[in-house]
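Novice: this one's sequence-less:
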């Protein structure tokens with residue numbers, strides 16, 4: 001059990017009082033204690049989701065601090081955040097927090113902050129704007145959540161500051177809070193024992209913003225149901241940062257680890273993206289419909305490695321024969337689910353990008369059921385020559401022992417499914433930019449709310465209630481058009497889409 005204290009430096013004295021009293025009850029996570037000299041501030045702030053409890057010292061300075069609000073945003077991503085969060089509303093924020101009409105001042109503050117950064121970025125060369133782009137992303141996340149955040153604080157029976165410390169101790173010693181398994185943080189290095197991730201994840205946070213929601217699948221095994229969005233420019237999703245990020249990783253997606261190693265040994269690693277593009281050119285053979293579907297598979301690879309922390313075993317490009325993977329399978333990833341007692345999941349992937357979310361779900365489950373019913377899939381993989389060619393000998397042996405354990409081995413593996421679904425958001429553009437951006441997150445939450453029961457029904461109908469599912473949703477402007485235009489642009493076809501079109 002641990003308590004994270006989130007506060008602005010102006011409230012250091014109050015934080016000191018909380019720490020000195022509560023540390024006798026449970027460990028305290030606090031910046032002054034837990035950030036090593038020259039350590040990462042961001043890594044520490046992200047730890048707010050790992051703590052069982054969090055206390056937020058809400059002041060005017062807190063609500064205008066990008067670091068404080070970043071911590072609040074990270075906490076907000078956990079669907080169970082309200083049950084483990086305590087607020088201390090201090091005097092200089094009291095009137096503004098408890099008066100709904102005054103919430104506007106903070107929304108306007110962050111909206112103006114974003115406008116200033118966006119104006120600043122226009123005067124700088126593209127190659128030098130990464131840090132400002134990351135700052136804009138953080139401010140965008142704050143704008144998406146601050147309305148609900150202030151509403152939650154106002155709706156909570158908060159203690160007066162002078163009564164807070166005893167209330168905190170009572171809260172954490174009498175209330176048991178379990179974090180939702182489908183959004184829990186990994187507490188071990190899931191890739192350390194067998195495979196390392198291949199994704200170059202630098203820049204991910206500058207491309208994708210997670211949108212929180214309260215929907216659940218209610219499965220008995222771990223699952224994820226997560227929503228992400230791209231940046232909005234001129235009332236449309238912008239694809240510039242996405243394309244740049246995908247170009248950095250398309251080679252890692254296409255090629256096996258041993259092939260990437262050969263690129264490195266031959267001092268040709270800088271050519272890996274170019275070679276991957278050439279391969280896709282050859283494979284598509286002018287069939288742009290097929291090419292558009294490749295975007296979904298590439299996106300699924302990104303989310304399984306970055307969000308699920310499940311390294312790639314095979315993509316469909318790695319396998320020497322089409323028969324090795326069940327028809328329609330995009331990839332196979334390996335997720336370590338146990339640390340002290342090693343256990344694993346073989347995560348079989350399927351992606352679909354299509355205008356209607358329900359159509360995307362239907363199409364995905366056709367393949368998911370086929371994978372479930374294909375009982376020889378692991379045996380085909382292990383008995384193929386792929387392991388010997390695509391992995392170092394010691395890694396190949398470890399994977400074989402996980403996928404098809406020998407008699408007497410204690411290593412266990414289960415089957416799981418990773419799904420990326422892209423769809424058309426469907427919001428009219430003829431509205432003010434600030435209103436449009438606010439509507440994006442609201443519409444996404446409505447979309448997942450409208451379809452979660454349908455997903456649950458599909459799982460039950462297929463008899464798959466005891467499997468793990470990892471769903472990742474991302475809206476597009478016009479999914480069927482965007483997926484082809486993005487890939488055409490990546491591969492250098494003429495007529496590639498421009499930002500936000």
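Specialist: Thanks, I have it. In this text, all values refer to a predicted model and were calculated from it rather than measured experimentally.

Novice: for the stretch 351-500 of the chain, give me the ranges with low pLDDT.
Specialist: Within the stretch 351-500 of the chain, the stretches with pLDDT under 70 are 383-388, 405-412, 494-500.

Novice: one more pass at 80, please.
Specialist: The stretch 351-500 of the chain contains residues with pLDDT under 80 at 375-394, 396, 398, 400-401, 403-413, 492-500.

Novice: stretch 327-345 - what's its average pLDDT?
Specialist: Per-region confidence: stretch 327-345 scores 77 on mean pLDDT.

Novice: tell me how far it lies from the chain's centre.
Specialist: The chain centre lies 18 Å from the centre of stretch 327-345; the measure is Cα atoms, centre = their mean, to the nearest Å.

Novice: point me to the helix or strand that includes the nearest residue to residue 294 once chain neighbours are set aside.
Specialist: What sits nearest to residue 294 in space, not counting adjacent residues and going by Cβ to Cβ, 6 or more residues apart in numbering, is residue 487, at 5.9 Å. Heads up, the C-betas are built off the backbone N, CA and C, glycines and all. Following DSSP states H and E, one finds residue 487 within helix 479-491.

Novice: what residues of that helix count as buried?
Specialist: Neighbour-count burial for helix 479-491 flags 479, 480, 482, 483, 484, 485, 486, 487, 488, 489, 490, 491 (criterion: 16 or more other Cβ atoms under 10 Å).

Novice: likewise for stretch 256-270?
Specialist: Neighbour-count burial for stretch 256-270, counted by 16+ other Cβ under 10 Å, picks out 256, 257, 259, 260, 263.

Novice: how many neighbouring residues does residue 461 have?
Specialist: 10 (other Cβ atoms under 10 Å).

Novice: and what about residue 14, helix, strand or coil?
Specialist: Here residue 14 is helix, with the state taken from DSSP: H, G, I helix; E, B strand; the rest coil.

Novice: distance of it from residue 59?
Specialist: The gap separating residue 14 from residue 59 is 9 Å, by Cβ to Cβ, to the nearest Å.

Novice: who touches both of the two?
Specialist: Here residue 14 and residue 59 share the contacting residues 7, 90, scored by Cβ atoms under 8 Å, 6 or more residues apart in numbering.

Novice: quick one, strands of the protein?
Specialist: Taking DSSP state E to define them, one finds strands in the chain at 3-6, 28-29, 53-58, 85-89, 209-211, 224-229, 312-315, 331-338, 343-353, 412-424, 468-476.

Novice: roughly how far apart are the spatially most central residue of the chain and residue 264?
Specialist: With distances taken as Cα atoms, centre = their mean, the residue of the chain nearest its centroid is residue 307 (4.4 Å). As judged by Cβ to Cβ, residue 307 and residue 264 stand 26 Å apart.

Novice: equivalent analysis for residue 229, please.
Specialist: Relative to residue 264, and taking Cβ to Cβ, residue 229 is found at 35 Å.

Novice: what of residue 47?
Specialist: 33 Å.

Novice: ok so, going back, how close does the residue nearest to residue 294 sit to residue 259?
Specialist: If you go by Cβ to Cβ, the gap between residue 487 and residue 259 works out to 22 Å.

Novice: what sits against the residue nearest to residue 294?
Specialist: 280, 291, 292, 294, 295.

Novice: may I see these arranged in CSV, with pLDDT and distance to residue 211 as well?
Specialist: Conversion of the contacts of residue 487 to CSV gives the following (pLDDT from 0 to 100; distance: Cβ to Cβ, whole Å):
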residue, pLDDT, distance to residue 211
280, 80, 30
291, 70, 28
292, 70, 24
294, 86, 25
295, 91, 20
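
Novice: since that was my last question, I'll sign off now.
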